[in-house]
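>>> Okay, here's the prediction I keep looking at, along with the sequence it came from:
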Amino acid sequence: MNIRTVNEVFYSVVEKDLDRVMMSKRDGKWIPLSSREFYRRVAAVAHALESWGLIRGDRVAILSENRPEWAIADFATMLMGAATVPIYATLTPEQTVYLLRDSGARFIFVSNRTQLQKILAIKDQCAVEKIVLMDAADEAGVVPMESLLQGAPEGRDQALDDRALAIGPDEVATVMYTSGTTGRPKGAMLTQGNLASNLVHSLDLYDFKKGQVSISFLPLSHVTARHVDYAMFWHGVTIAYCPVIEQLLATLAEVKPHFFVAVPRVYEKIQSNVQSKAPTAGMKRRLYQWALRVGQEHKDKVLAGKRPASLRWLLADRLVFSKIKGALGGRVEIYISGGAPLNQDLIDWYAGLGIRIFEGYGLTETSPVIALNNPRHYRAGSVGRVLKNLEVRTAPDDEILVKGPSVFKGYWNLPAETEAAFDAGWFRTGDVGRIDQDGFLYITDRKKDLIKTSGGKFLAPQPIEAKLKANDLVAEAALVADRRRFPSVILAPNFSALEEWARVNHISFGSREELIANAQVYALYEGLVADLNRNLAQFEKIKKFVLVTDEFSIANGALTPTMKLKRRFVEERYRKELDELYSGMEPVKAS
């Protein structure tokens, strides 16, 4: 089945007449929503927007964690020919008001009182006319979303249907703001046709069945999460909403999904969680380590799409691996990763457990998928083959260029930036990569994230950082070398692992500051850096490092809402320590 618009995705859900389109947890129970009720609620919200004067081409903002109301507001807006403006729930009031002013959004849907207070504080600084609150509340000047559903018709609304299906592929469906690792966010205009054309081919070699379950936990303000949810709607897969990532493991255990789509940082966190809970001594420890060794001996077979048949692997799977996979629900058939390159060590670790992760690649501006591994065509380390309806080539400097129907319309109100984003009709991704003789695409680094030392050498920081983070003792790593004499790195330890190491080695400490100041701890991380340096070119070798007690997070500004490192922010945060480090002093330890 082909589709031309995202509105047609909504009507495919209606036509399937499912008892369980989506689920959300309330009062400890998972509550389903049927196709008929989904239609009724979307239609009711669409009528409310129309009654407020919403017209074709207007913008409607959504500031919310993942929940059914997100999808309801999204589809209601698009059915009316308007565009949704997703806003990350983690953004500050200052960042939020910038997006609202820039987009000119007239209406906004917010999830709860916390988000409501954020908007009320900045409402007079933007063009927002009405605020709709998803949670039940009695607040002056605020519209409860539940009130919009009163009196909604039980049957189909032919006038609404005709209007929605008349919206063409060229209509802007959403303005999605890039995460802003290098500056002010830019609003990428994605059309109904951009999004729909990508859905047709991104998952066409995966096997979906009605009634299967997928968890929606990556923020829907992120294009990958939104794309996945649209795909699940289209294929009849039930979506279970997980509003905050802290609830992910519990949701996995309760919902037992068939598909799992995440960014590399989530896969890293799961690995770290497993390792932190691994037995530390005795027979159980020896069994765990034996199983991991057996897994690594058989990882190539798993990466080739086969289940190892040796008695040793089957025993390791039964005693160890099955328990780890059980914590992920126990019936995940497909694991997909996108958003950033996966570290090869991480790919190998999961493969040892019998899990093959299908890595993909895309950008907000490409709606998003450009390439994706799948069960029929897979190559570890690559991001898969390019989708059938796209063209990809590399520029002389190895930048990846793409052309096709899913490439965005341009940046909202930024004609100069839009023009600069293209090279003779080819979209410039800003990523560096290569295509092998079999058509598999490899991403080697982010062009704009390349670091140039004062000696004129260019460094690709992400592969180096990924190797450091593959160690259980490292939570985050930020390479520093731009216009510096030599590379250094800021290391944020994984304190749960480090504190356990300290206890085993009889190192007393009263605080994190005291722990990283310990000479043995410093020597431990010095050894990790030395091990890494053995496999780096001379100009890449890390000469010094800084240990910090901070955790890199979205909340403290070190990570973007899509969990990418804000390198400039981190460097500025530790400028004093770095300046001392490069002044010729001994390496320092920052608190």
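Sure, I can see it. Numbering: from 1, shown residues only.

>>> As CSV, could you dump the C-alpha coordinates of stretch 190-200?
Output of stretch 190-200 as CSV, limited to C-alpha atoms (Å, rounded to 0.1, in the frame of the first residue of the first chain):
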residue,chain,number,x,y,z
LEU,A,190,8.7,18.9,6.4
THR,A,191,5.8,18.5,4.1
GLN,A,192,3.1,15.8,4.2
GLY,A,193,4.8,14.2,1.2
ASN,A,194,8.3,14.3,2.8
LEU,A,195,7.1,12.3,5.8
ALA,A,196,4.9,9.9,3.8
SER,A,197,7.5,9.1,1.1
ASN,A,198,10.0,8.2,3.8
LEU,A,199,7.5,5.9,5.6
VAL,A,200,6.9,3.9,2.4
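
>>> I'd like the numbering to begin with 54 instead of 1 from here.
Sure, I'll start numbering at 54, so the last one becomes stretch 243-253.

>>> confidence score at Lys505?
With respect to pLDDT, Lys505 has a value of 57.

>>> Over to the one 4 residues further on?
Looking at Gly509, its pLDDT reads 54.

>>> next one: Ala404
At Ala404, the model reports a pLDDT of 97.

>>> Tell me if it really is in a strand.
No. Ala404: not assigned to a strand; according to DSSP: H, G, I helix; E, B strand; the rest coil it is helix.

>>> Could you check how far it is from Lys520?
Noted for Ala404: a distance of 17 Å to Lys520, by C-beta to C-beta, to the nearest Å. For glycine as for every other residue, the C-beta is placed from the backbone atoms N, C-alpha and C.

>>> again, but for Gly457
34 Å.

>>> And Leu256, by the same measure?
31 Å.

>>> Of those two, give the one with the bigger neighbour count.
Remark: of Leu256 and Lys520, Leu256 carries more neighbours, 23 against 19, as counted by other C-beta atoms under 10 Å.

>>> in the chain, what secondary structure element scores lowest on mean pLDDT?
strand 504-505 (a mean of 62; mean pLDDT, DSSP states H and E).

>>> dump the residue contacts of the residue nearest in space to the middle of the chain.
The residue lying closest to the centre of the chain (C-alpha atoms, centre = their mean) is Val316, at 4.5 Å. By C-beta atoms under 8 Å, 6 or more residues apart in numbering, the contact list for Val316 reads Leu271, Thr277, Ser390, Gly391, Gly392, Ala393, Thr615, Met616.

>>> For Ala180, state which of those is nearest.
Checking these against Ala180 with C-beta to C-beta, the nearest one is Thr615 at 26.4 Å.

>>> ok, the closest one touching Gly392?
Yes. Thr615 lies in contact with Gly392 (C-beta atoms under 8 Å); the separation is 6.1 Å.

>>> who touches both of these two?
Common neighbours of Thr615 and Gly392 (criterion: C-beta under 8 Å, 6+ apart): His275, Val316.

>>> Kindly confirm my reading that Glu90 is in a helix.
Yes. Remark: Glu90 belongs to a helix, assigned using three-state DSSP.

>>> what about it, how many neighbours?
Look at Glu90: counted by other C-beta under 10 Å, it has 17 neighbours.

>>> And for the one helix or strand Trp343 maps to, what's in contact with it?
Taking DSSP states H and E as the definition, Trp343 sits inside helix 335-350. Residues outside helix 335-350 that contact it (C-beta under 8 Å, 6+ apart) are 331-332, 365-366, 369, 372-374, 401, 404-407.

>>> Please repeat the previous calculation with a cut-off of 6 Å.
Here helix 335-350 makes contact (C-beta atoms under 6 Å, 6 or more residues apart in numbering) with Ala331, Pro332, Arg365, Trp366, Ala369, Val373, Gly405, Leu406.

>>> Angles on the backbone of the second one, please.
Which is Pro332. phi -60, psi 140 (degrees, to the nearest 10).

>>> The last one too?
The main-chain torsion angles of Leu406 are listed as degrees, to the nearest 10 and equal phi -80, psi -10.

>>> right, and it touches Phe374 too?
Yes. At 4.6 Å, Leu406 counts as touching Phe374 under the criterion of C-beta atoms under 6 Å.

>>> burial of Gly407, as a residue count?
20.

>>> swap in Leu381?
Quick note: Leu381 (other C-beta under 10 Å) scores 20 neighbours.

>>> just Tyr64 next, same as before
Neighbour count of Tyr64, defined by other C-beta under 10 Å: 17.

>>> next one: the one 4 residues further on
Glu68 sits with 10 neighbouring residues when counted by other C-beta under 10 Å.

>>> Check the secondary structure at it for me.
Following three-state DSSP, Glu68 is assigned to helix.

>>> And it, what's its pLDDT?
The predicted local confidence for Glu68 is 96.

>>> Quick check: the gap between it and Thr602.
Taken as C-beta to C-beta, the span from Glu68 to Thr602 is 55 Å.

>>> Could you do Leu581 as well?
Separation of Leu581 from Thr602 (C-beta to C-beta): 17 Å.

>>> same thing with Val290?
Counting by C-beta to C-beta, the gap from Val290 to Thr602 is 42 Å.

>>> With Asp191 instead?
43 Å.

>>> So these two - more neighbours on which side?
Between Asp191 and Thr602, counted using other C-beta under 10 Å, the more crowded position is Thr602 (17 against 7).

>>> Go through stretch 339-349 and flag the buried ones.
By neighbour count with 16 or more other C-beta atoms under 10 Å, stretch 339-349 contains the buried residues Tyr341, Ala344, Leu345, Val347, Gly348.

>>> what's the closest of the residues you listed to Tyr464?
Using C-beta to C-beta, Gly348 is the member of these that lies nearest Tyr464, at 45.6 Å.

>>> Need the nearest residue in space to Gln573, chain neighbours excluded.
Nearest residue to Gln573, sequence neighbours excluded (C-beta to C-beta, 6 or more residues apart in numbering): Ile560, at 5.9 Å.

>>> pLDDT value on that neighbour, please?
Ile560 carries a pLDDT value of 93.
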